[in-house]
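Student: Here's my sequence, what's the structure:
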Amino acid sequence: MRILVMGASGYIGSQLVPRLVERGHDVRAAARNRDSLESRGWAGVECVAADVLRPETLEGALAEVEVAYYLVHSMGSGRDFPRLDRQAARNFRRAAEQAGVRRIIYLGGLQPPGERSAHLDSRAETGEILRDGPIPVTELRAGIIVGAGSAAFEVIRDLALHLPLMITPRWVSSRTQPIALEDLLEYLVRVADVAETAGQTYDVGGPETLTYAEMLRGFARVNGKRVRIIPVPVLTPRLSSYWLDLVTAVPANVARPLIDGLKHDLLADDTAIRELIPLDLRTYATAIQDALGAERAATVPSRWTEGALAYRGSRPEVAFYSRRITSTATSSASVAAAWVAITSVGGDAGWPAYDLLWRLRAIADRVVGGPGMRRGRRHPTDVRPGDTIDWWRVVGVEPGRRLTLLAEMRVPGAAVLELEVEPGSTGRSTITATGYFHPAGVWGLLYWIALLPAHRLVFDGLAAGIARQAEGRDGS
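Tutor: Alright, predicted model coming up:
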């Protein structure tokens, strides 16, 4: 079939696309940023830019599509995400009708009886809006997804690996049926081939009913650790969401609406879907092992990608999600001159701004056993993957565009520096310096917070300094 995956750059979409290709489908992947899709290197996949909040971008994405997967949500957009979800679903439904799409497949969330959180209510409402039209909609409702990158899974990882003693809110006694990422993807792929699922809504869940406390202990046990959990009645889900901001690296705008929904039991009645699609569902422990194994087996991307194990120092205990800082400067120099300035940083030439601060940081690194700046660099301007630049290792080079460096200094986590140049207007160029830090536990988060003012100063200076050096090279 000709299939569109709307939201293909997201957590589920990026995993679903290659599986649909493996089953022989003609797949078109759509997201707001086409570059983020093309960087994944999917063979035989058409990548397009489309935004569900901009209806004029949807016509081309939906052209000649038979089945459309709708995997979009706005939970990370702040408090206004329910309104954005409503508008997005209406835009997509109308565009799909005009394009003649035969089916929509939507991934929603398990719904508790009675009162629902804003997050769960929005997921249900999105399904209702998609169904408010002539196209049959198949909705799968899942709870906790056990896979690297799932927000709930990453909260569990950060807590279980870094907090041997936890004082927790009452929601740790709430029950759910965590489903392995691989099992959920198999359901999503196979419902497209089962005609009886058109126009139906199904709960999907794993084979075990567990409390959140049991999931925390289970994750720790699989990783050879133990945790002690002390639930207290005074920590509400709202208060605990603020606390999680301090002890996990999961973005706050994602974690808060997620945690608000954990006060409910989220149980799946999956009898109907299992009659149509019988699967040998993975246990929670097996799903954890599969998730960690998939991280280790993944190929190294040519540039930084959120969660890639290679960019977390190949340490699964380091947080999947990163904290980041970005600075941009515009230069009158050509892209070629800016690229030479980027590839010349470090070594004997030093750093283009606040070089003294870089050297003081290197001294501190040497004191605790790190490489500092003693390694220098192989060549003044040439860079190759595997080279060292002071305490950095070159892990990605896209000539004329992007240099990716992985820190080998002693830090409580993993740090990545990317320097990029893009052409601007009338021969100008834009230089961007981005730092990504994947913290390892509470100490990593405190390290990031403590150095954030210094990082802001240094990164602003780094982008501006590269721009000045590029202009000097053009002038000479």
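
Student: Give me the pLDDT for the residue nearest to Ala298 when sequence neighbours are not counted.
Tutor: What sits nearest to Ala298 in space, not counting adjacent residues and going by CB to CB, 6 or more residues apart in numbering, is Leu309, at 6.3 Å. (C-beta placed from N, C-alpha, C; glycine too.) At Leu309, the predicted lDDT confidence score is 90.

Student: again with Ala285
Tutor: 96.

Student: Can you tell me the SS state at it?
Tutor: The three-state assignment at Ala285 reads helix, by DSSP: H, G, I helix; E, B strand; the rest coil.

Student: how many other residues sit next to it?
Tutor: Neighbour count for Ala285, taken as other CB atoms under 10 Å: 14.

Student: Also Arg428?
Tutor: When neighbours are counted by other CB under 10 Å, Arg428 registers 16.

Student: Please verify my assumption that it contacts Thr330.
Tutor: Yes: if you go by CB atoms under 8 Å, Arg428 and Thr330 touch, sitting 6.1 Å apart.

Student: Wait, a helix at Glu154?
Tutor: Yes: counting by three-state DSSP, Glu154 is located in a helix.

Student: I'd like to know how far it sits from Ala213.
Tutor: To Ala213, Glu154 is 17 Å away according to CB to CB, to the nearest Å.

Student: can you check Leu266 too?
Tutor: 15 Å.

Student: What helices and strands are in contact with the helix or strand where Ala160 lies?
Tutor: Ala160 belongs to helix 151-162 when assigned by DSSP states H and E. Secondary-structure packing of helix 151-162 (3 or more CB pairs under 8 Å, 6 or more residues apart in numbering; DSSP states H and E): strand 145-146, helix 212-222, helix 237-247, helix 252-260, helix 441-475.

Student: what residue ranges in this protein score low on pLDDT?
Tutor: 75-79, 114-117, 234-242, 253, 255-262, 475-476 (pLDDT under 70).

Student: domains in it, as residue ranges please.
Tutor: What automatic domain parsing lists as the domains of the chain is 2-297, 309-475.

Student: contacting residues around Ser9?
Tutor: Contacts for Ser9 (CB atoms under 8 Å, 6 or more residues apart in numbering) come out as Ala29, Ala31, Arg32, Asn33, Ser36, Leu37.

Student: what's the burial count for the closest residue to it other than its chain neighbours?
Tutor: Excluding its sequence neighbours, the residue lying closest to Ser9 (CB to CB, 6+ apart) is Ala31, at 3.8 Å. The local packing of Ala31 (other CB under 10 Å) involves 24 other residues.

Student: dump the residue contacts of the closest residue to Ala310 other than its chain neighbours.
Tutor: Nearest residue to Ala310 in three dimensions, chain neighbours excluded: Val300, at 4.3 Å (CB to CB, 6+ apart). Shown in contact with Val300 (CB under 8 Å, 6+ apart): Ala308, Ala310, Val395.

Student: Describe which strands the host helix or strand of the last one pairs with in its sheet and in which direction.
Tutor: Counting by DSSP H and E, the element that carries Val395 is strand 392-398. Sheet pairing for strand 392-398, assigned by DSSP bridges, gives strand 388-389 (antiparallel), strand 402-407 (antiparallel).

Student: For Ala450, which of those is the nearest?
Tutor: strand 402-407 (16.7 Å; CB to CB).

Student: so how far is that closest one off the chain centroid?
Tutor: Strand 402-407 sits 19 Å away from the centroid of its parent chain (CA atoms, centre = their mean, to the nearest Å).

Student: contacts for that strand?
Tutor: 302-304, 310-311, 313, 342-343, 383, 389, 391-397, 414-421.

Student: Report the buried members of these.
Tutor: With burial judged by 16 or more other CB atoms under 10 Å, the buried subset of the contacts of strand 402-407 is 303-304, 310-311, 313, 342-343, 383, 389, 391-397, 414-421.

Student: residues making contact with the strand holding Val395?
Tutor: With contacts defined as CB under 8 Å, 6+ apart, strand 392-398 is touched by 300-304, 310-311, 346, 383-388, 402-408, 417.

Student: go with 7 Å
Tutor: Residues from elsewhere that reach strand 392-398, judged by CB atoms under 7 Å, 6 or more residues apart in numbering: 302-303, 383-387, 402-408, 417.

Student: returning to what we had before: give the contact list for the residue nearest to Ser9.
Tutor: Shown in contact with Ala31 (CB under 7 Å, 6+ apart): Gly7, Ala8, Ser9, Leu37.
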